[in-house]
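Enquirer: test case, fold it:
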Amino acid sequence: GAPERADGRQGHHRGLARVLRRAQQALGHRIQIIAGREEARLIYLGVAHTVYKENEQRLVVDIGGGSTEIVIGRDFRPMLMESLYVGCVNMTRRFFNDGKISSRKMRNAILYAQQELEAIERQYKHRGWESVIGSSGTIITIEKVLVLQGWSQGGITAEGLDQLRSVLVDARHYKELELEGLSDKRQPVFAGGVAILSAVFRSLALEQMATSDGALREGLLFELIGRIQQKDVREETVAELQVRYNIDSEHAGRVQA
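Expert: From the prediction side, this is the model:
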């Protein structure tokens, strides 16, 4: 589409400010909007505390409604973080807005998501990982559907995703989907989520993915608890970087003062 006009952006920001004011008044609390990479960091923290294996480098994928977060980290430390503007809701609006599902629409949706992944594909493959973990509603639902249909013994496989896509295309419309484990609430945006995960599997050459119940909410809670106990993960990460790169922290403190 045409580039967004400056006055359009200003109107969007004013509208967002109005919504925030009303929400803060209703809740009685200040609302903080976090950026995509901060969301990715918190998601990784939630996964790391839920599925922990010491000194294992892992790839974490989280598909939300409006974005997909992809992180590589070790232990509780994220090393590569990215937030892509592809989520199950905006993908559904772009490619399956009339509710119909066809092989052409599914193919175009996957190709679009793969184009978004191109920017990080090489860097992530070069860094590498030992395990792959998916989190949040879309991925948890896909795993549940695959297991209940007998297409997976646990987790998500590339073969199971292929079978699931075939069933979606054969149904032709999301209302015709009869899959055990798929709720009515998630049914309208399910095809968009499957397309994104399929693109992730193809772009990063994945064969299998485990899942985690922990994600953004748990990551935020663990971080808040850490701050209360004077163990802010961010401060620990900065301290480790100072040691790794031989930073004179005493001098840095004087400069800061």
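
Enquirer: the residue nearest to Gly128 when sequence neighbours are not counted and Ala158, how far apart?
Expert: The spatially closest residue to Gly128, leaving aside those adjacent along the chain, is Gln57, at 6.8 Å (C-beta to C-beta, 6 or more residues apart in numbering). Where you see a C-beta, it was placed from the backbone N, CA and C, and this is true even at glycine. Separation of Gln57 from Ala158 (C-beta to C-beta, to the nearest Å): 21 Å.

Enquirer: OK, contacts around Leu80?
Expert: 71-73, 120, 123-124, 127 (C-beta atoms under 8 Å, 6 or more residues apart in numbering).

Enquirer: before we move on, what's the pLDDT of Trp151?
Expert: pLDDT, Trp151: 94.

Enquirer: name the SS class of it, please.
Expert: coil (DSSP: H, G, I helix; E, B strand; the rest coil).

Enquirer: go ahead and confirm it touches Gly160.
Expert: Yes. Between Trp151 and Gly160 there is a contact under C-beta atoms under 8 Å: 4.1 Å.

Enquirer: more neighbours: the two, which one.
Expert: Neighbour count, other C-beta atoms under 10 Å: between Trp151 and Gly160, Gly160 has more, with 22 against 17.

Enquirer: contacts only, for the more buried one.
Expert: Counted by C-beta under 8 Å, 6+ apart, Gly160 has contacts 146, 151-152.

Enquirer: quick one: contacts of stretch 22-39?
Expert: 20, 42, 67, 69, 81-83, 216.

Enquirer: only the buried subset of these, as a PyMOL command please.
Expert: In PyMOL, this line selects whichever of the contacts of stretch 22-39 come out buried by 16 or more other C-beta atoms under 10 Å:
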select buried, resi 42+67+69+81+82+83+216
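
Enquirer: which single one of the contacts of stretch 22-39 is nearest to Gly134?
Expert: Glu69 (10.7 Å; C-beta to C-beta).

Enquirer: how close does the closest one sit to Gly181?
Expert: From Glu69 to Gly181 the distance is 23 Å (C-beta to C-beta).

Enquirer: hmm, Ala210 is touching Val132, no?
Expert: Yes. Applying C-beta under 8 Å, one finds Ala210 in contact with Val132, separated by 6.8 Å.

Enquirer: buried stuff in the helix or strand harbouring Arg94?
Expert: Using DSSP states H and E, Arg94 sits in helix 88-95. Buried residues in helix 88-95, counted by 16+ other C-beta under 10 Å: 88-92, 95.

Enquirer: quick check, distance from stretch 208-216 to the centre of its chain.
Expert: Relative to the chain's own centre, stretch 208-216 is displaced by 10 Å; criterion: C-alpha atoms, centre = their mean, to the nearest Å.

Enquirer: strands of the stretch 151-257 of the chain, residue ranges please.
Expert: Counting by DSSP state E, counting those that start in this stretch, the stretch 151-257 of the chain has these strands, from start to end: 156-157, 208-212.

Enquirer: between those, which gets nearest to Val255?
Expert: Closest among the strands of the stretch 151-257 of the chain, once you apply C-beta to C-beta, is strand 208-212, at 40.4 Å.

Enquirer: what about dumping the CA coordinates of that closest one to CSV?
Expert: Output in CSV follows, covering the C-alpha atoms of strand 208-212 (Å, rounded to 0.1, in the frame of the first residue of the first chain):
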residue,chain,number,x,y,z
GLN,A,208,10.5,-30.7,15.8
MET,A,209,9.5,-28.2,18.4
ALA,A,210,8.7,-28.8,22.1
THR,A,211,6.3,-26.4,23.9
SER,A,212,6.3,-24.4,27.1
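
Enquirer: against Glu38, how distant is Ile70?
Expert: 14 Å.

Enquirer: and the strands of the stretch 151-257 of the chain, which is most packed in?
Expert: strand 156-157 (a mean of 24; mean count of other C-beta atoms under 10 Å).
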